[in-house]
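>>> missing the sequence, but the structure's below:
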């Protein structure tokens with residue numbers, strides 16, 4: 001079975017923006033170039049004061065729906081407010097600094113058609129890229145994540161308890177699945193870890209084993225600036241979603257990651273406090289699990305460097 005342009009579900013693409021004009025045209029263009037055309041863009045302007053409104057309103061496309069927030073909110077609430085306006089059967093999140101490759105939606109919906117009605121999440125590999133300027137030209141470094149030989153499907157939830165291996169730009173969520181877990185949680189860190197794990201526990205998962213999107217790394221990335229909060233929230237997520245009898249077993253991976261981070265950052269007091277509560281033996285087992293996870297899923301190089309005209 002294959003989705004086509006005459007019998008096809010609507011995909012709601014949510015783009016939250018706050019002063020995102022620098023990369024906005026690239027992100028929107030990557031959506032306009034999709035070979036699958038039945039989508040709507042929910043552009044949620046979180047009270048930008050740059051030229052973002054001017055840029056998005058310059059597009060003459062009825063599929064683009066512009067919303068201006070009544071109040072400036074945190075990203076989690078902004079995403080939930082945008083989600084309330086989504087009319088599609090499927091929902092994807094395309095941030096203003098990320099990219100979708102042309103066949104992303106087509107290939108993912110083809111896979112969903114094979115998977116059946118109980119599919120709640122589909123994802124793919126993602127290109128993580130970083131641009132720097134060198135003698136007037138752009139030097140782009142690229143790596144692929146996850147770097148594993150195969151992408152987990154049936155066992156995705158178990159793998160997610162050890163760490164987040166689902167690139168957020170790659171995912172399409174069934175809207176019913178998002179609603180079934182209560183929408184988007186209000187974590188400071190990007191909430192995709194909770195969403196993907198919660199859905200993977202209750203819904204069927206599909207994956208396209210190709211690179212279908214790009215995640216831009218730069219100094220303003222939210223997820224890069226709040227690492228300790230992110231590690232602590234990951235522990236909380238696992239505690240909330242683990243079966244009660246398995247919490248101590250499943251939380252040790254993220255707890256070990258937090259303790260290791262605190263030690264590296266010189267937060268010895270906090271690290272030993274967490275280590276004392278966790279237990280040294282569990283910490284060692286957690287570290288071994290993290291090493292296995294890293295060896296299995298770490299980024300792999302892909303056309304590592306090339307030049308683009310500035």
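Good, I have the coordinates. This is a predicted model, so every value here is computed, not measured. Numbers count the residues shown, from 1 in each chain.
>>> and the strands in the stretch 1-150 of the chain, which stretches?
For the stretch 1-150 of the chain, the strands defined by DSSP state E, counting those that start in this stretch cover 11-17, 39-45, 64-68, 90-93, 99-100, 119-134, 137-145.
>>> which other helices and strands contact the fifth one?
When you say that, I think you mean strand 99-100. helix 21-32, strand 204-216 (3 or more CB pairs under 8 Å, 6 or more residues apart in numbering; DSSP states H and E). C-beta here means a position set from N, CA and C on the backbone, and glycine is covered the same way.
>>> looking at those, which is buried most?
strand 204-216 (a mean of 20; mean count of other CB atoms under 10 Å).
>>> partner strands of that strand, parallel or antiparallel?
Partners of strand 204-216 in the sheet, by DSSP bridges, are strand 99-100 (antiparallel), strand 119-134 (parallel).
>>> buried sites along the last one?
It refers to strand 119-134. By neighbour count on 16 or more other CB atoms under 10 Å, the buried set for strand 119-134 is 119, 120, 121, 122, 123, 124, 125, 126, 127, 128, 129.
>>> could you dump those into a markdown table with distance to residue 300 and pLDDT added?
Compiled in a markdown table, the buried residues of strand 119-134 are given as follows (distance: CB to CB, whole Å; pLDDT from 0 to 100):
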| residue | distance to residue 300 | pLDDT |
| --- | --- | --- |
| 119 | 27 | 97 |
| 120 | 28 | 97 |
| 121 | 23 | 97 |
| 122 | 22 | 98 |
| 123 | 17 | 98 |
| 124 | 15 | 98 |
| 125 | 10 | 96 |
| 126 | 12 | 96 |
| 127 | 11 | 94 |
| 128 | 11 | 92 |
| 129 | 14 | 87 |
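>>> just the closest of these to residue 287, please.
Each of the buried residues of strand 119-134 was scored against residue 287 by CB to CB, and residue 128 proved nearest at 24.4 Å.
>>> contact partners for the closest one?
Neighbouring residues of residue 128 by CB atoms under 8 Å, 6 or more residues apart in numbering: 142, 143, 144, 145, 214, 215, 217, 299.
>>> strands along the stretch 151-300 of the chain, start to end?
Under DSSP E, counting those that start in this stretch, the stretch 151-300 of the chain gives strands at 172-174, 204-216, 300-309.
>>> lowest average pLDDT across these?
When the strands of the stretch 151-300 of the chain are compared on average pLDDT, strand 300-309 comes out lowest at a mean of 52.
>>> got a list of what the most centrally placed residue in the chain touches?
Closest to where the C-alpha atoms of the chain average out (CA atoms, centre = their mean) is residue 168, at 1.3 Å. Taking CB under 8 Å, 6+ apart, we find residue 168 in contact with 93, 95, 190, 192, 215.
>>> any chance of these in JSON lines, plus distance to residue 294?
JSON lines is the format used below for these (distance: CB to CB, whole Å):
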{"residue": "93", "distance to residue 294": "26"}
{"residue": "95", "distance to residue 294": "25"}
{"residue": "190", "distance to residue 294": "20"}
{"residue": "192", "distance to residue 294": "19"}
{"residue": "215", "distance to residue 294": "18"}
